[in-house]
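J.: sequence and predicted structure below; questions after.
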Amino acid sequence: MEWSLERMREWVAGGMQSVRECEGGAVGTALCLALLFIWYCYRVGCEHSVPSLRGGYTPETRGGGALPASVLTSDLSSRLASSKLRQVGGVSGGGGGAAEEELNGFAYCQSPECFRCSRPGEGLNQRLYHSLQDYAKRYTWAGMGRVHKGVRDQGRYLLCSRPSIQKPEVFFLPDLPSAPFFSREAQKHDVELLERSFPALLAEFESVYRLPSSRTGSSLPPGWKANSTPRGHWWTFYLVNQGTPMALNARRCPRTWRVLGQLRTFISNNVFGNACFSVLSPGATISEHYGPTNVRLRCHLGLKVPSNCELVVGGEPQCWSEGSCLLFDDSFLHTAFHDGSPEDGPRVVFMVDLWHPNVAAAERQALDYIFTPGR
């Protein structure tokens, strides 16, 4: 039988006529509703049938629900097969490698594909707007009001030279409730999961940190990265770096990787998502800087916290606590320091980026598409 829109309309009209002829007939009513449903599915299928997005991302998996560990693991394999691994090893431990640009406390890779490293400008604004238009053509404009406004006003916002306590460097989503620190209730499930996993994460940190290489030598152990600091040392061991899984590191931390797969709001599919162990040596200070966006909350799970360590966000100081999480908006101006003595040892946290609770599911889906790694 040949299916066509006209034939479906004739069937619907016939069904409605039968209902009028036998008023109250349950069979006629059910038939009419069934035909209406089939016609609706036919129209939707014709208008919105599109292939899956690259990187294993599909809208059905990014609706804001839990991302199973099996999905995250399979995504790791597929994405590593199509992209160059950004594993960092042998970086100078004296405050950043010579081949990397130092700015705002970070060691930048200078890659034109890196949103964090590239300078905001008209080219970026055009790319964002074209990506948003492409997304809307494939899916829908519904729920895109704030995202569209953010992309449209991006150039004007980023070029503003006025001092500000909150100034994300890449993308600002307007009309989003903001504060330097957030209550643990903002992402209760993920915070509680991370805190329950504290022993496992601490054990795996110690397994990758205790390597036959001097912490004060000329090079770092494989997988570790040195970031520039005005004084002291700041090292990171990434499992996910700007949305890209670091396969070698992830294989050395299987339990931590499973925990990431169980988080409901981990940003795993766009460049704003990171997960790493972060080590700050005694006497170290991280320069004041802004994060790239306000659509995320950065979560720090304290693993080793000596005294005299502090995080300051938007002028508000907070102290880490071992086994507890701190949630903060890193688009606010922030800094961290460890004023303890060498005998106190380093400050260690597990850092992971979660969605801001007021970013809607439709907005998350669109942002995952617009800011897909390598796009």
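T.: Cool, got the structure. Remember, it's a predicted structure, so these values are computed and weren't measured experimentally.

J.: ranges for the strands of the chain?
T.: Using DSSP state E, the strands of the chain run over 101-103, 106-108, 181-182, 224-227, 234-241, 244-245, 275-280, 285-289, 296-304, 309-313, 316-318, 325-328, 334-338, 347-355.

J.: flag the shaky bits of the stretch 1-150 of the chain, pLDDT-wise.
T.: Residue ranges of the stretch 1-150 of the chain with pLDDT under 70: 1-5, 8, 15-16, 18-27, 42-123.

J.: buried residues, stretch 165-172. List them.
T.: Neighbour-count burial for stretch 165-172, counted by 16 or more other C-beta atoms under 10 Å, picks out 166-172. For the C-beta atoms, the positions are set from N, CA and C on the backbone; glycine is no exception.

J.: give me the residues contacting that stretch.
T.: Where contact means C-beta atoms under 8 Å, 6 or more residues apart in numbering, the residues beyond stretch 165-172 that reach it are 115-116, 120, 124, 128, 150, 154, 157-158, 178, 272, 290-295, 314-315, 329, 331-333, 367, 371.

J.: mind checking the end-to-end distance for stretch 355-374?
T.: With C-alpha to C-alpha, to the nearest Å as the measure, stretch 355-374 spans 20 Å from end to end.

J.: tell me the mean pLDDT for it?
T.: Stretch 355-374 comes out with an average pLDDT of 94.

J.: excluding sequence neighbours, find me the nearest residue to H189.
T.: Of all residues not flanking H189 in the chain, R264 sits nearest, at 5.5 Å (C-beta to C-beta, 6 or more residues apart in numbering).

J.: my guess is the one you found contacts E192, does it?
T.: No - between R264 and E192 there is no contact under C-beta atoms under 8 Å: 11.0 Å.

J.: more crowded one of these two?
T.: A count of neighbours by other C-beta atoms under 10 Å puts R264 above the other of R264 and E192, at 15 against 12.

J.: please tell me how far the closest residue to P168 other than its chain neighbours sits from R146.
T.: Sequence neighbours aside, S331 is the residue nearest to P168 in space, at 3.9 Å (criterion: C-beta to C-beta, 6+ apart). Separation of S331 from R146 (C-beta to C-beta, to the nearest Å) stands at 15 Å.

J.: who has more neighbours, the two?
T.: S331 (31 against 18).

J.: so what's the residue count around the spatially closest residue to L263 that is not a sequence neighbour?
T.: Leaving aside its chain neighbours, L263 sits nearest to D190 (4.7 Å; criterion: C-beta to C-beta, 6+ apart). Neighbourhood size, D190 [other C-beta under 10 Å]: 24.
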